[in-house]
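>>> Build me a model:
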Amino acid sequence: MIIRVSNRDRHEADLLAQDTVKLLESMGVSARLENKQQSRIEANRLGFMAEFAVCRLFGAEPPRLNIATDGGVDLWLGDISVDVKFSKTGSLIFDSADKFKANLAVLVTGTNDPECMLLEGWIGKTAFVRDAYAKDFGYGERLVMGSSDLTPMPRLWELIMERKFK
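Have a look, this model is predicted:
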């Protein structure tokens, strides 16, 4: 499912990314980014754009700046917590099962259009922990699941609307 991110949301994602990096740098927090072709600001901007795309699909509250941590939850769909993961690899990746804090995760990737995000699919924590495989990307093993193993986004929308209106 492709979602176009509005000019306003892209602008806000850029500001949130810059603020996040500036705060981390001022606190002396070292970069977690292992990708040398991408700045910390760009990585954060894409992450926030992904969150905006999911929020807009569900009419959820947009992302905001969290100073200490988001606790592994990027947004709420009613009473369901969601961790939005942006990936250029097309794989949903968590450092460990313990890092999957939300009820479910949504995988988002980019498209050829820099204004659009592709919502690849979603999965609940229990299913992810059960079905993911371990892979070392050169900085320790992570839990990974390909986008083809995720449930399509229309099903999540359907479930959320059923919960909302029942």
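
>>> Now do stretch 28-41: distance from first to last residue.
End-to-end distance for stretch 28-41, by Cα to Cα, to the nearest Å: 16 Å.

>>> Please list the residues outside the helix or strand hosting residue 53 that contact it.
Using DSSP states H and E, residue 53 maps to helix 40-58. Residues outside helix 40-58 that contact it (Cβ atoms under 8 Å, 6 or more residues apart in numbering): 1, 3, 5-6, 9-10, 12-14, 16-18, 20-21, 24, 31, 33, 35, 60-63, 74-75, 77, 82, 84-86, 106, 108, 110, 117, 119, 153, 157, 160. All C-beta spots, glycine's among them, are computed from the backbone N, C-alpha and C.

>>> which strand is the longest one in the chain?
Secondary structure of the chain per DSSP state E: the longest strand is strand 116-124.

>>> On the three-state scheme, residue 92 is what?
Following DSSP: H, G, I helix; E, B strand; the rest coil, residue 92 is assigned to strand.

>>> Same question for the one 10 residues further on.
Reducing the assignment at residue 102 to three states with three-state DSSP gives coil.

>>> Test my guess that it contacts residue 125.
Yes: taking Cβ atoms under 8 Å as the definition, residue 102 is a contact partner of residue 125 at 7.0 Å.

>>> out of those two, which sits in the busier spot?
residue 102 (20 against 17; other Cβ atoms under 10 Å).

>>> quick one: the strands in the chain?
2-4, 75-77, 80-86, 91-94, 104-110, 116-124, 133-136, 141-146.

>>> Any buried residues in the first one, and which?
Within strand 2-4, the residues that count as buried by 16 or more other Cβ atoms under 10 Å are residue 3.
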